[in-house]
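**Q** Here is the input, now give the coordinates:
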Amino acid sequence: MLRRNKNKIEVGDRFVKSDDPKTVWVVSGRGSSVAPMPHYKVVQEGYMSRMRTLAENVLLDPDYYKRISAEN
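**A** Down below sits the predicted model:
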């Protein structure tokens, strides 16, 4: 079975905020390439006009966001 690297973020990955597990955010692309830390654009599932740009370390910090599977 192929295992996915938990520290690698890819387009289509889904996350929920730790304090709001009902709102799903989907990675739609890379953010600014000028920042020293990689950033990603995320859109709220079902509301594509609601977008955020988040640093990689914020998305991977379980105190802020939790990755969820496609089945959730």
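**Q** Which parts of this protein are strands?
**A** 14-17, 20-30, 39-44, 47-55, 65-68 (DSSP state E).
**Q** any idea which of those is most buried?
**A** The highest average neighbour count among the strands of the chain, using mean count of other CB atoms under 10 Å, belongs to strand 39-44 at a mean of 19. C-betas here are computed from N, CA, C, even on glycine.
**Q** Which other helices and strands does that one contact?
**A** When contacts are defined as 3 or more CB pairs under 8 Å, 6 or more residues apart in numbering; DSSP states H and E, strand 39-44 sits against strand 20-30, strand 47-55, helix 56-59.
**Q** my guess is Asp63 meets Ser18, correct?
**A** Yes: applying CB atoms under 8 Å as the test, Asp63 and Ser18 come out as touching, 6.1 Å apart.
**Q** quick one on the thing from earlier: format the strands of the chain as TSV; extra columns: mean pLDDT and distance to Asn7.
**A** Formatted as TSV, those follow (pLDDT from 0 to 100; distance: least, CB to CB, whole Å):
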stretch	mean pLDDT	distance to Asn7
strand 14-17	97	14
strand 20-30	95	14
strand 39-44	96	13
strand 47-55	93	14
strand 65-68	96	10
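**Q** coming back round to it: and the helices and strands packed on strand 39-44: which comes nearest His39?
**A** Taking CB to CB, strand 47-55 is the member of the helices and strands packed on strand 39-44 nearest to His39, at 5.3 Å.
**Q** so what's Ser69 up against?
**A** Going by CB atoms under 8 Å, 6 or more residues apart in numbering, Ser69 touches Arg14.
**Q** So it versus Leu54, what's the distance?
**A** Separation of Ser69 from Leu54 (CB to CB, to the nearest Å): 19 Å.
**Q** And Gln44, by the same measure?
**A** Distance of Gln44 to Leu54, given as CB to CB: 12 Å.
**Q** Mind putting the strands of the chain into TSV with distance to Lys8?
**A** Converted to TSV, those look like this (distance: least, CB to CB, whole Å):
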stretch	distance to Lys8
strand 14-17	13
strand 20-30	11
strand 39-44	11
strand 47-55	15
strand 65-68	11
